[in-house]
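Enquirer: Provided below are the primary sequence and the corresponding predicted coordinates.
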Amino acid sequence: MVTNEDVVRTLERIADLLEIRGENVYKVRAYRQAAVQVENLGESIADVAAGEGGLVSLAGFGPAIAEKVSDLLQSGRLAFLEELEAEVPPTLLALCALPGVGPRTAALLWREAGITRLEELDAAAHSGTLQGIPRLGAKSIERIVAALDSQRDRGAKTRRARADVQPIVDELTGVLRALPEAAMVEAAGSFRRRRESIGDLDIVVATATPSKVLVAFSALPQVERVLMCGDTKSSVEVASGFQVDCRAVSVAQFGAAMQYFTGSQAHNVRLRGRALRMGLTLNEYGVFRLDGGERIAGATEEDVYAALGLRWIPPEQREDRGEIEAAVIDDVALAGAAVQTVLPRI
DNA sequence: TTGACCACGCATCACG
DNA sequence: CGTGATGCGTG
DNA sequence: GTCAA
């Protein structure tokens, strides 16, 4: 019995391996999007396959992916994936899991140094074999060594329970709010979406002096390691490896930044797609007209959603499960009884 | 059949 | 030394 | 690879 979860894992695995192989980014994305669709599917994918229209009736499923998933459902295997795994060593996926190492670097290590597994990478990094590989400078090698060490230190504990994160949120937002430069401070990300499992923490600060706030943030006693600190964002680790990102924006951008950093990613992508179809563009600084670039929203989240013809959507609903469609302020309501306004058609 | 496919910050490296 | 391209990571 | 024009 092949479950939806099996299909999701398989599609994601294909995407990862294709990425290492250097396939077209949109092909890779197509597999990832298909995986997301299956993930959000409210029924058994086997039923969909058997039902009217078959798998191609699913969004993101064209003939190619439909056939592969169909094979998988029928036989429990997928020849395509097996061929791919024969071509691209699956152990490379473990390299990609290292922070700072992505598919391109994994492919580079494989091609240039014949490295396919973590142990080989570790040995090569220390023996100096890595030196001389194009695009792999001293900094990059140092980064790899650090990543391997840090992974060894703590057995790759990734996500944390909401209850464990809450005190960290309270403490960090507390000290940031005490800064005279910080006008507004809020936690965003999956924490704000009230998810039970939290991968990392995002904190948004409104301020007129971003660098001051970020420097202060990076220097907090709770900070164990600074991953990076730029002009608008800083990433650190606190409490044995838990990552916290701090983004500093102006007061006028605070709403757009909160919207952006609250996510989810899928929600944001759909929202931005909607913006484009309305002749607008959405980023973490606001909503802008495509022609001329005039800014039309950004100070508050309500602003941002309203500019896109939407009611404000509670964070816990922002998962791209139909909440955007449900929040559309329809033409009729806007136009009143008499006048037919011309809103951009979505 | 063809073109578009979200948007951006930071670190690093190659190049002039 | 500055600049642009690339890779990675983030929602 | 998929979708829409």
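Expert: Happy to help now that I have it.

Enquirer: how much space is there between whichever residue of chain A sits closest to DNA strand B and A:Ser57?
Expert: In chain A, no residue comes nearer to DNA strand B than A:Gly137, which is 2.0 Å away by CB to the nearest atom of the strand. The C-beta positions use only the backbone N, C-alpha and C, and glycine is treated the same way. From A:Gly137 over to A:Ser57 the distance is 49 Å, taken as CB to CB, to the nearest Å.

Enquirer: A:Asp71 too?
Expert: Distance from A:Asp71 to A:Ser57, by CB to CB: 18 Å.

Enquirer: Counting neighbours, go ahead and name the busier of those two.
Expert: A:Asp71 (15 against 12; other CB atoms under 10 Å).

Enquirer: ok, that one touching A:Leu78?
Expert: Yes. Distance between A:Asp71 and A:Leu78: 5.6 Å, which falls inside the contact criterion (CB atoms under 8 Å).

Enquirer: for the residue of the stretch 101-250 of chain A found nearest DNA strand C, what are its contacts?
Expert: Using CB to the nearest atom of the strand, A:Gly102 is the residue of the stretch 101-250 of chain A that sits closest to DNA strand C, at 2.5 Å. By CB atoms under 8 Å, 6 or more residues apart in numbering, A:Gly102 lies in contact with A:Cys96.

Enquirer: Point out where the stretch 51-200 of chain A drops to low pLDDT.
Expert: Applying pLDDT under 70 to the stretch 51-200 of chain A flags residues A:154-158.

Enquirer: residue boundaries of the strands in it?
Expert: Using DSSP state E, counting those that start in this stretch, the strands found in the stretch 51-200 of chain A span residues A:160-161, A:182-187, A:197-198.

Enquirer: How about the residues of the stretch 201-346 of chain A by DNA strand C?
Expert: A:202, A:243, A:245, A:260-265, A:268-269, A:272 (CB under 7 Å from any atom of the strand).

Enquirer: who's in contact with the closest residue to A:Phe191 other than its chain neighbours?
Expert: Computed as CB to CB, 6 or more residues apart in numbering, the closest residue to A:Phe191 that is not its neighbour in sequence is A:Ile198, at 5.4 Å. Listed by CB under 8 Å, 6+ apart, the contact partners of A:Ile198 are A:159-162, A:165, A:189-191.

Enquirer: Per-residue pLDDT of the residue positioned nearest the centre of chain A, please?
Expert: Among the residues of chain A, the one closest to the centroid is A:Gln265, at 5.1 Å (CA atoms, centre = their mean). pLDDT for A:Gln265: 87.

Enquirer: do the same with the one 5 residues further on
Expert: At A:Arg270 the predicted local distance difference test score is 89.

Enquirer: Could you tell me which residues of chain A lie near DNA strand D?
Expert: Counting by CB under 7 Å from any atom of the strand, chain A sits next to DNA strand D at A:24, A:26-27, A:29-31, A:34, A:56, A:59-66.

Enquirer: which of those count as buried?
Expert: Listed as buried from the residues of chain A next to DNA strand D are A:30-31, A:34, A:60-61, A:65-66; burial here means 16 or more other CB atoms under 10 Å.

Enquirer: So which of the residues of chain A next to DNA strand D are in helices?
Expert: The helices, defined by DSSP state H, take in A:26-27, A:29-31, A:34, A:63-66 from the residues of chain A next to DNA strand D.

Enquirer: from the residues you listed, which is closest to DNA strand C?
Expert: Among these, and counting by CB to the nearest atom of the strand, the member closest to DNA strand C is A:Arg29, at 10.4 Å.

Enquirer: Provide the backbone phi and psi angles at the residue lying closest to A:Gly230 once chain neighbours are set aside.
Expert: Leaving aside its sequence neighbours, A:Gly230 sits nearest to A:Leu214 (CB to CB, 6+ apart; 7.5 Å). Main-chain dihedrals, A:Leu214, degrees, to the nearest 10: phi -70, psi -40.

Enquirer: separation between A:Leu214 and A:Ala59?
Expert: Distance from A:Leu214 to A:Ala59, by CB to CB: 40 Å.

Enquirer: With A:Ile45 instead?
Expert: For A:Ile45 relative to A:Ala59 (CB to CB), the value is 13 Å.

Enquirer: Ok, A:Gly132 next?
Expert: Taking CB to CB, one finds A:Gly132 at 47 Å from A:Ala59.

Enquirer: Could I get the full set of helices for the stretch 101-250 of chain A?
Expert: Using DSSP state H, counting those that start in this stretch, the helices of the stretch 101-250 of chain A run over A:103-113, A:118-127, A:138-153, A:162-177, A:189-192, A:210-218.

Enquirer: and those as TSV, adding mean neighbour count?
Expert: As requested, those are exported to TSV (neighbours: other CB atoms under 10 Å):
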stretch	mean neighbour count
helix A:103-113	18
helix A:118-127	16
helix A:138-153	15
helix A:162-177	15
helix A:189-192	21
helix A:210-218	19
